[in-house]
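Peer 1: coordinates only, sequence not included:
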């Protein structure tokens with residue numbers, strides 16, 4: 001079974017960016033915590049799909 005490369009640096013950078021964006025939106029009053037939670041979940045899902053293609057495409 002082939003070993004998938006780790007993307008720890010990229011994953012950490014994306015996590016920090018989404019966290020910082022959420023804090024910025026809440027502190028500025030542009031979004032409620034609930035809206036930021038929905039946005040974070042959606043961005044996390046999109047990132048996971050974009051970063052790791054389906055198993056059938058990996059080989």
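Peer 2: Yep, that arrived. The structure presented is a predicted model; accordingly, all values stated were derived computationally and were not measured.
Peer 1: Any stretches of this structure with poor pLDDT?
Peer 2: 1-7, 52-59 (pLDDT under 70).
Peer 1: which other residues reach the lengthiest helix in it?
Peer 2: Ranked by number of residues, the top helix in the chain under DSSP state H is helix 8-28. With CB atoms under 8 Å, 6 or more residues apart in numbering as the test, helix 8-28 has contacts from 31-33, 35-36, 39-40, 43-44, 47, 51. To be clear about C-beta, it is placed using only N, CA and C from the backbone, and glycine gets the same treatment.
Peer 1: likewise stretch 33-40?
Peer 2: Outside stretch 33-40, the residues touching it (CB under 8 Å, 6+ apart) are 18, 22, 25-26, 31.
Peer 1: again, only using 7 Å
Peer 2: 18, 22, 25-26 (CB atoms under 7 Å, 6 or more residues apart in numbering).
Peer 1: Which of those residues are buried? Put it as a ChimeraX command.
Peer 2: This is the ChimeraX syntax for the buried subset of these, where burial follows 16 or more other CB atoms under 10 Å:
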select :18,22,25
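Peer 1: Show me what counts as buried in the longest helix of the chain.
Peer 2: Under the neighbour-count criterion of 16+ other CB under 10 Å, helix 8-28 has 14, 18, 22, 25 buried.
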